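[1] just a sequence and a predicted model for now, questions to come.
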Amino acid sequence: MIDRRVALVTGGSKGIGKAIALRLARDGYDVTVNYRTDRQLAQDVVDEIEKIGKEAMAIKADVGNATDVDAMMKATLSGFGKVDVLVNNAGVEVGEPCPVMQLDERDWDAMFNVNVKGVFLCSKAAAPSMIRQRSGKIINISSTCGRIPSPYLVAYSSTKAAVIALTQGMAVELAPYSITVNAILPGGVDTDMNEYEFRALGKHLGKTAEEIRRANESSIPLGHRMAKPEEIASVAGFLASNDASYITGATITVSGGLIC
């Protein structure tokens, strides 16, 4: 099928990744939904995509493992023939928020392995196919924490700053092949990860998760609320479209005006 468009979304089984996978399907893409642990969640996303009328497959892979990533890319190319859009969404917070002096080295390594190495490995695996077709879009999910680090989240913030640097470096290298590389920097988003963060921060600061959530939301100028995953997905849909053909190396902040 000559006009087929294909997207691969890492961490696509829930949260922002799920919203992006569904948005791209509605925009006409067949989608590989990557997951690491819960196949049923990924299969549920596949089922939703198929109801939209597009093809999808769920592929298990640890994005921090080169063998897994290469197998995932091989399966995608075998099943769909190409990759037009790669969304590096998979990300983790490991351990509890804490002062940097108390940060466990294993937690630091685990976050960098997924949040940074995963972006590198998946982009490296997708680039040869994109170079051959002289087109492609890589969309990396960073965070406003990558611009203004949050206290007690030094490791996570550092990984997201590294994603910004990766984005800008790859954008320059891949531009000659008409491949764009951009990053989305969400602020607070209503996901399971943020709920975990609120509980952990609350425990550390002697407050309830709800108190932390309310304080977070009250600081957001636009509506005093966190973003919905679909609002991040809308930006990904734009970056994947031809309307963004001349945008590369950009970091687009989606924070309701909290960080501009």
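    Nice, thanks for sending it over.
[2] helix or strand: which one has Ala161?
    Assessed by DSSP states H and E, Ala161 sits inside helix 154-174.
[3] which neighbouring elements make contact with that helix?
    Packing partners of helix 154-174 (3 or more C-beta pairs under 8 Å, 6 or more residues apart in numbering; DSSP states H and E): helix 105-115, helix 117-133, strand 136-141, strand 179-186, strand 251-254. No exception for glycine: its C-beta is placed from N, CA and C like everyone else's.
[4] turn those into CSV, columns for distance to Gly206.
    Converted to CSV, these look like this (distance: least, C-beta to C-beta, whole Å):
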stretch, distance to Gly206
helix 105-115, 22
helix 117-133, 34
strand 136-141, 31
strand 179-186, 27
strand 251-254, 31
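[5] relative to Phe80, which of these is closest?
    Between Phe80 and the helices and strands packed on helix 154-174, the tightest spacing by C-beta to C-beta is seen for helix 117-133, at 10.5 Å.
[6] ok and that closest one relative to helix 154-174, angle-wise?
    Here helix 117-133 runs at an angle of 10 degrees relative to helix 154-174 (axes from the mean of the first three to the mean of the last three C-alpha atoms, to 10 degrees).
[7] can you state the direction angle for helix 117-133 and strand 136-141?
    Going by the same axes, to 10 degrees, helix 117-133 makes 170 degrees with strand 136-141.
[8] so how far is stretch 179-192 off the chain centroid?
    A distance of 6 Å separates the centroid of the chain from that of stretch 179-192, by C-alpha atoms, centre = their mean, to the nearest Å.
[9] buried residues in that stretch?
    Buried residues in stretch 179-192, counted by 16 or more other C-beta atoms under 10 Å: 179-189, 191.
[10] next one: stretch 198-209
    198-202, 204, 209.
[11] those in helices, which ones?
    198-202, 204, 209 (DSSP state H).
[12] dump those into TSV; add pLDDT as well.
    Below are those laid out as TSV (pLDDT from 0 to 100):
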residue	pLDDT
Phe198	82
Arg199	82
Ala200	76
Leu201	78
Gly202	78
His204	72
Ala209	85
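[13] which among the residues you listed gets closest to Ala110?
    The closest of those, once distances to Ala110 are taken by C-beta to C-beta, is Ala200, at 15.2 Å.
[14] for the closest one, what are its contacts?
    Ala200 sits next to 96-97 when contact means C-beta atoms under 8 Å, 6 or more residues apart in numbering.
[15] now with 10 Å?
    Residues in contact with Ala200 (C-beta atoms under 10 Å, 6 or more residues apart in numbering) are 93, 95-98, 152-153, 209, 212.
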